[in-house]
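In: missing the sequence, but the structure's below:
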């Protein structure tokens, strides 16, 4: 488990464990690994192969933009909670 550090204390290029802990709290790496592909489809910064992590200022900017912090307005809830893995059960129900 990674020691907690807030996002603004992470290095410029942070690894997945550090980001998961900063954004979701300790012990949430598995959950992070499930949601990060969904975030990437919405424009979340990808891992820089040369630097070995995600550019932390871009991570902050993504969420600020997503929650409309960057334009002075705050979205109360921009997205409904996802039911991770629910598409598996729906797919299997159609087969059965």
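Out: Received it, and whenever you're ready, just let me know what you need. Just so we're clear, the structure is a prediction, and the values are computed from it rather than from any experiment.
In: now the helices for this structure?
Out: Ranges of helices in the chain, per DSSP state H, are 16-24, 29-41, 56-66, 86-95.
In: export those to CSV and tack on distance to residue 8, mean neighbour count and mean pLDDT?
Out: The C-beta positions use only the backbone N, C-alpha and C, and glycine is treated the same way. Formatted as CSV, the helices of the chain follow (distance: least, Cβ to Cβ, whole Å; neighbours: other Cβ atoms under 10 Å; pLDDT from 0 to 100):
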stretch, distance to residue 8, mean neighbour count, mean pLDDT
helix 16-24, 9, 19, 97
helix 29-41, 18, 13, 97
helix 56-66, 8, 16, 95
helix 86-95, 34, 8, 57
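In: ok, residues contacting stretch 7-21?
Out: By Cβ atoms under 8 Å, 6 or more residues apart in numbering, the residues outside stretch 7-21 that reach it are 1-5, 22-23, 28-29, 31-33, 36, 47-48, 51-57, 59-60.
In: kindly provide the distance from the residue nearest the centre of the chain to residue 44.
Out: The residue lying closest to the centre of the chain (Cα atoms, centre = their mean) is residue 36, at 4.7 Å. Using Cβ to Cβ, to the nearest Å, we find residue 36 at a distance of 7 Å from residue 44.
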